[in-house]
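>>> I'd like to go over a predicted model; first the sequence, then the structure.
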Amino acid sequence: MPKGPIQTEIRGAVIPAPQRFRSDVQGLRAIAVILVVLSHASVPHFAGGYVGVDVFFVISGFVITGLLMRQRDVALHRNLASFYARRIRRIVPAATVVLVATIVATYAWLGPTTGVPLLADVRWASLFAVNWHFIQTNSSYFIPGVLPSLVTHYWSLAIEEQFYIVFPLIVFTIGIVFVARRRAALASVLMIAIVSSSWWSVHLTTINPTQAYYSPFTRFWELALGGLIALVPPAWAKKTKLFNALFGALALGVIIFAACRLTITSVYPGWLAWWPCGATAVLLYTGLTPIPGGPTSWLSWRPAQYVGNVSYGFYLWHYAWLMIPLQYATTPMAPLSRVLQVLGAFACAVLSYHFLENPIRHSKWLDERPWAAFLLLILCLAVTWSVTWAYQVL
């Protein structure tokens, strides 16, 4: 069978070769994290910036699906081990450092009254299950007069990791059962997930908003939507090439509109989550065949690229930087103080990216020893739990 420029044959199965780097996706990550930070910093007119998390979910589904579809055709357990090892190296070390730093800063600035309740939250966060903890305790960002946990933002990481546990099993199993038609089979599964999960989100949002906000079952459709876009052949986007720039600009406008229009009282996620999620899906689709000067070019702007690169660390650090001073202060925070706090969080993100995340993620030693990533996970859990125990007995 002749091989085209974007195909490779491995053990009888045709899989796509590595995709080109999507610089616009990094720019989209930058927009997502900036919207979240603006919302948590209480910047006027950006109360709905929490939609940035939904943008992240769709991007994650898109990126992870593409990665899994390009995975080498080897034994199931080896594929799973390789995938999970990469996820551990990417996610866990930085998340652990921020958790420990948050505990230390909380006890230093706010004292045991705030620190003791935080310890249980941190333990759940270290297990990437804090969303279930918040459902059980009926915690929320949006309860007036109630200070949220300083690791509340870890709920979105928990949902992503729960998705990552289940989704590779589905993809690789489909690859084994439907060798020649695995793309179509996976697309069918994702469409079923989108319909069922989004329906459940709409239903649950009206009767139990806290559970609807934090449950993976009401959020998996967002990651599945990104995954579905990853399966779209680029040739489809070429058919709408003349309209892609227009569609992309409109989609970008919808994301900003949602961030400005929605508030903490909006019935969310429900139907409203389709605003940022649908718009992100459109941007990912139109970026398959970019037009010079269009939204893809805007999102590929070098500064946006860099913010996108450090977006994970920025998301992790920003909440403690914004919330600890807010809870410590006895007077309203001045705008300049909030700007300095955001800059402090960004500086930590930059340091994390260059001196923690990248060295671990790109370590050749770890590449050759996938098992070491699981030891790293155990070590990080041990450190986090040891620190919580030490502060609890103080």
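It's in. Values in this document were obtained by computation on a predicted structure and should not be read as measured data.
>>> Enumerate every residue touching the residue nearest in space to the middle of the chain.
The chain has residue 56 as the residue nearest its centroid, 4.4 Å off, counting by Cα atoms, centre = their mean. Contact analysis of residue 56 by Cβ atoms under 8 Å, 6 or more residues apart in numbering lists 29, 32-33, 156, 160, 315. (Glycine included, C-beta is placed from N, CA and C.)
>>> just those now: which is nearest residue 301?
When the contacts of residue 56 are ranked by distance to residue 301 (Cβ to Cβ), residue 29 comes first, at 12.9 Å.
>>> Counting neighbours, what do you get for the residue nearest to that closest one when sequence neighbours are not counted?
Setting aside the residues directly before and after it, residue 29 is nearest to residue 308 in space (Cβ to Cβ, 6 or more residues apart in numbering), at 3.9 Å. Number of residues near residue 308 (other Cβ atoms under 10 Å) recorded here: 25.
>>> show me what contacts residue 308?
If a contact means Cβ under 8 Å, 6+ apart, then residue 308 has 25-30, 33 as its contacts.
>>> Next: residue 193.
220-221, 224.
>>> Just the buried residues of the contacts of residue 308.
By neighbour count, with 16 or more other Cβ atoms under 10 Å, the contacts of residue 308 hold 25-30, 33 as buried.
>>> can I get these in JSON lines with distance to residue 385?
Below are the buried ones among the contacts of residue 308 laid out as JSON lines (distance: Cβ to Cβ, whole Å):
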{"residue": "25", "distance to residue 385": "35"}
{"residue": "26", "distance to residue 385": "34"}
{"residue": "27", "distance to residue 385": "37"}
{"residue": "28", "distance to residue 385": "35"}
{"residue": "29", "distance to residue 385": "30"}
{"residue": "30", "distance to residue 385": "34"}
{"residue": "33", "distance to residue 385": "28"}
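>>> Return the closest of these with respect to residue 72.
residue 25 (22.8 Å).
>>> Tell me the spacing between that closest one and residue 60.
10 Å (Cβ to Cβ, to the nearest Å).
>>> What of residue 388?
28 Å.
>>> just to revisit the earlier point, output the contacts of residue 56 as JSON lines; include the columns distance to residue 108.
Shown next, in JSON lines, are the contacts of residue 56 (distance: Cβ to Cβ, whole Å):
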{"residue": "29", "distance to residue 108": "31"}
{"residue": "32", "distance to residue 108": "31"}
{"residue": "33", "distance to residue 108": "26"}
{"residue": "156", "distance to residue 108": "26"}
{"residue": "160", "distance to residue 108": "30"}
{"residue": "315", "distance to residue 108": "23"}
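>>> could you pull out the helices for the stretch 51-200 of the chain?
In the stretch 51-200 of the chain, helices defined by DSSP state H, counting those that start in this stretch lie at 51-69, 76-109, 112-126, 130-137, 154-177, 182-207, listed in chain order.
>>> Report the angle between the second one and helix 112-126.
It refers to helix 76-109. Using axes from the mean of the first three to the mean of the last three Cα atoms, to 10 degrees, the inter-axis angle of helix 76-109 relative to helix 112-126 is 170 degrees.
>>> distance between helix 76-109 and the chain's centre?
In terms of Cα atoms, centre = their mean, to the nearest Å, the gap separating the centre of helix 76-109 from the centre of its chain is 13 Å.
>>> That one packs against which elements?
Identification of packing neighbours for helix 76-109 by 3 or more Cβ pairs under 8 Å, 6 or more residues apart in numbering; DSSP states H and E yields helix 112-126, helix 154-177, helix 311-328, helix 358-361, helix 370-393.
>>> so which strand or helix has residue 351?
Here residue 351, judged by DSSP states H and E, is contained in helix 335-352.
>>> I'd like to know which elements that helix is packed against.
With contacts taken as 3+ Cβ pairs under 8 Å, 6+ apart, helix 335-352 sits against helix 311-328.
>>> Identify each buried residue in the helix it packs on, please.
The neighbour-count check on helix 311-328 (16+ other Cβ under 10 Å) flags 311-326 as buried.
>>> Could you do stretch 255-268 as well?
Along stretch 255-268, these residues count as buried under the neighbour rule (16+ other Cβ under 10 Å): 255-260, 262, 266, 268.
>>> For these, which two are the farthest from each other?
Greatest spatial distance among these (Cβ to Cβ): 256 and 268, at 16.6 Å.
>>> Many thanks, we can stop here.
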